[in-house]
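1. Any chance you could fold what I've pasted below:
(2 chains)
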Amino acid sequence: MNIVGNLNTIGYGLSAIGPGIGVGIVFAAFINGVARQPEARGQLQGIAFIGFALSEALAILGLVLAFALGA
Amino acid sequence: MTMTATAPAPGFEAPGVDAFQLPALFGSVTKPVLQLVLAAIIIVVLFRVATSRMQLVPSKGQFLGESFHGIVRNSIARDMIGPEFLKYVPFLTALFAFVLVNNLFGIIPILQFPTFSHPGVPYALAGLVWLVFTYAGIRHHGFGGYMRISTWPPDVPWWVRIILTPIEFLSNIILRPVTLSLRLFGNMFAGHLLLVLFILGGEYMLVVADSILLKVLSPFAFAMGLVFTFFEAFIQVVQAYIFVMLTASYIGTVLADDH
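-> Below is the predicted model:
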């Protein structure tokens, strides 16, 4: 059986696993922090979004490369 | 037996990079260029209206303008930059407004194209951010001080520095603008592609496909397109926020006195 398609798609899927876990951990920690200390929400929010952005960058790079490396 | 993994339906072309190659409207001016100018005009007009006839008890327009400025000043700049944050609030507010309006163009009818899904646009913006935080760092610490803050973390044994300093140099000076622009570009690109895919898929099911079943099921594709439009609205606001947040944190780290 031959399968015609583009391996880049699988590569992107693989590259999204790590960031998916990472983003989950970041927001889990954020929720934990707010639950323990609700008044620290403002400070934690900024840190959470930076952590989210940094781990998400990997998935974005995967997406860009999946297109950039061509069909 | 041959299976095509990318095009299971006959005659359906999944949208790709081609969906972003828009024809020139006139001369060499394309839609993103026009939208950049339009965004600048919209922002200037809105803030003009909001700040004309300023009163102690604000009108609705003034209140909206002030809250927008207040978000950037209180929840982004003050937390991230530290004592000298006021100097950078105008830049950050303008940046936030510009990125936000350009992102929202992605779901506004008729325009429906996020300007930053063309990589050249966020590259330019991230270049500007790089110039700003490099200049801020050099003016605050001098060139040597700026390089030390960026590449020379204190209390590290010398043999770790051999590896750490090049990595810090790469990540703090070279990769910062790259990831900043790629993040915005990638999100806008993926979001627009997602919407195009759902709408084109729905159109294919309704118009092109022969099967009655597909025609009956096509509203679900359009409904998903609608749902993801709202999701995109959320992503677009969050990405604008993150762009400004990271800019503020870069400025904050180069201004920090004790690293």
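2. The residue nearest to the spatial centre of chain B is in what secondary structure piece?
-> The centre of chain B sits closest to residue B:184, judged by C-alpha atoms, centre = their mean, with a distance of 3.8 Å. Assigned by DSSP states H and E, residue B:184 belongs to helix B:175-203.
3. buried sites along that helix?
-> Buried residues in helix B:175-203, counted by 16 or more other C-beta atoms under 10 Å in any protein chain shown: B:176-177, B:179-203. Glycine gets a C-beta too; all of them are placed from N, C-alpha and C.
4. just to revisit the earlier point, quick check, the residue nearest to the centre of chain B in contact with residue B:99.
-> Yes - taking C-beta atoms under 8 Å as the definition, residue B:184 is a contact partner of residue B:99 at 7.1 Å.
5. Now do the shared contacts for these two.
-> Listed as contacting both residue B:184 and residue B:99 by C-beta atoms under 8 Å, 6 or more residues apart in numbering or on different chains are B:116, B:125, B:239, B:243.
6. which residues touch the last one?
-> Meaning residue B:243. B:95, B:96, B:99, B:180, B:183, B:184.
7. Just the closest of the residues you listed to chain A, please.
-> residue B:183 (5.4 Å; C-beta to the nearest C-beta).
8. Report whether the expected contact of the closest one with residue A:59 is present.
-> No - contact criterion C-beta under 8 Å: residue B:183 and residue A:59 do not qualify, at 9.8 Å.
9. shaky segments in the chain?
-> No chain specified, so I'll use chain A. Along chain A, the model assigns pLDDT under 70 to residues A:70-71.
10. actually chain B
-> Those would be B:1-9, B:258-259, if you go by pLDDT under 70 across chain B.
11. Dump stretch B:205-218 to CSV, keeping only the CA atoms.
-> Extracted C-alpha coordinates of stretch B:205-218, given in CSV (Å, rounded to 0.1, in the frame of the first residue of the first chain):
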residue,chain,number,x,y,z
MET,B,205,-19.6,20.0,0.3
LEU,B,206,-22.5,22.2,-0.6
VAL,B,207,-21.7,23.1,-4.2
VAL,B,208,-19.2,20.8,-5.8
ALA,B,209,-19.7,17.4,-4.2
ASP,B,210,-22.3,15.1,-5.8
SER,B,211,-23.4,13.2,-2.7
ILE,B,212,-26.6,14.3,-1.0
LEU,B,213,-25.2,13.3,2.4
LEU,B,214,-22.4,15.8,2.0
LYS,B,215,-24.8,18.6,1.0
VAL,B,216,-26.9,17.9,4.1
LEU,B,217,-23.8,17.9,6.3
SER,B,218,-22.3,21.1,4.9
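12. Please point out which parts of that stretch sit buried.
-> Buried-residue list, stretch B:205-218, by 16+ other C-beta under 10 Å: B:205, B:206, B:209, B:214, B:218.
13. tally of neighbours for the residue of chain A found nearest chain B?
-> Closest approach of chain A to chain B (C-beta to the nearest C-beta) occurs at residue A:5, with a separation of 3.0 Å. Per other C-beta atoms under 10 Å in any protein chain shown, the neighbour tally for residue A:5 reads 14.
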